[in-house]
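Trainee: Take a look and give me a structure for this.
(3 chains)
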Amino acid sequence: MGAAGIASARTPNPVFEKDYFRVPQPTSFAQCPQFFVGGKPPAIPPRPMQRELCYEAFAVLHSGETRTPVYVAQRLNRRVLEQADKKRADKFFADARLPTAERAELEDYKRSGYSRGHMAPAGDMSTPTAMAQSFSLANMVPQNIQHNGGAWSKIEQDTRRYVLRAKGDVYVITGPVYTRTSPSIGGNEVRVPAYLYKLVYDSTTQRAWAHWQANREGEQVGAPITYQELQKRTGIDFSIRPAPQH
DNA sequence: CGGCGGGCAATG
DNA sequence: CATTGCCCGCCG
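Mentor: Numbering: from 1, shown residues only, chains lettered A, B, ... in the order given. This next block holds a predicted model:
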């Protein structure tokens, strides 16, 4: 029911309509368990203003404190990526399912010096609707421009290449990490993460690894870190039990 | 060096 | 608000 949770009220146009989100429709991860390993979302220390948002191709735990996602979950496989939509639709929008007091607006990012960085990448989306939904600001963090187009883009493409060669489903969780001194942008004070991570779990081999990147210019693609190390750095229990790593 | 994928901003 | 042109980094 992932897509239905959003589009059931009106679906006729396969092309994106912004009014998909005009009427706030509460969702919970119970409506889109397919994006999580075993249907089980990560265990997050409870904070105020956290909301679970289901989309057609990904799920977002959103924070009204940072006005960014806490994490974004996807389930990918070769079939999905081969259908990937070639045409990128650059229509960013504030997600109307979030109260205005909790969400980022387009103006917050404008001339902020930061780019609107996808967590679930547009390049992973296989349908026009999924592509359009990926441009929700609930799927974005303020990201260093050079990092977004450089090392981070390379990690996204490397992940897609991996999925294309994988035998089955690959689960990906992407999210920001903040420090006490992380700055904010815009009138709504959208927090700028100090780090970004991308956790990849191949359900066939039961192997997991994670990319860990500083959100800054000059950051290079480094060696992946372990699942355990990612849990340690983020304080999040990702609810995955990967096979022991070599 | 051209194409592509991550973006941006100016223009009607 | 949609169209268009542009920048940048990476890769073959």
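Trainee: the strands in chain A, which residues?
Mentor: For chain A, applying DSSP state E gives strands covering A:50-54, A:59-63, A:68-76, A:114-118, A:140-144, A:170-177, A:184-185, A:190-191, A:195-202, A:207-214.
Trainee: Same list (these) but as JSON lines, adding distance to DNA strand B and mean pLDDT.
Mentor: For glycine as for every other residue, the C-beta is placed from the backbone atoms N, C-alpha and C. Formatted as JSON lines, the strands of chain A follow (distance: least, CB to the nearest atom of the strand, whole Å; pLDDT from 0 to 100):
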{"stretch": "strand A:50-54", "distance to DNA strand B": "18", "mean pLDDT": "95"}
{"stretch": "strand A:59-63", "distance to DNA strand B": "15", "mean pLDDT": "96"}
{"stretch": "strand A:68-76", "distance to DNA strand B": "12", "mean pLDDT": "97"}
{"stretch": "strand A:114-118", "distance to DNA strand B": "3", "mean pLDDT": "95"}
{"stretch": "strand A:140-144", "distance to DNA strand B": "7", "mean pLDDT": "95"}
{"stretch": "strand A:170-177", "distance to DNA strand B": "11", "mean pLDDT": "97"}
{"stretch": "strand A:184-185", "distance to DNA strand B": "11", "mean pLDDT": "94"}
{"stretch": "strand A:190-191", "distance to DNA strand B": "12", "mean pLDDT": "96"}
{"stretch": "strand A:195-202", "distance to DNA strand B": "11", "mean pLDDT": "97"}
{"stretch": "strand A:207-214", "distance to DNA strand B": "13", "mean pLDDT": "96"}
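Trainee: Where does pLDDT dip in chain A?
Mentor: Scanning chain A for pLDDT under 70 picks out A:1-25, A:85, A:245-246.
Trainee: Near DNA strand C, which residues of it are found?
Mentor: Proximity of chain A to DNA strand C is confined to A:90, A:91, A:146, A:149, A:150, A:151, A:153, A:154, A:157 under the rule CB under 7 Å from any atom of the strand.
Trainee: can you put the strands of chain A in a markdown table and add mean neighbour count?
Mentor: As requested, these are exported to a markdown table (neighbours: other CB atoms under 10 Å):
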| stretch | mean neighbour count |
| --- | --- |
| strand A:50-54 | 21 |
| strand A:59-63 | 25 |
| strand A:68-76 | 24 |
| strand A:114-118 | 22 |
| strand A:140-144 | 27 |
| strand A:170-177 | 25 |
| strand A:184-185 | 17 |
| strand A:190-191 | 22 |
| strand A:195-202 | 22 |
| strand A:207-214 | 20 |
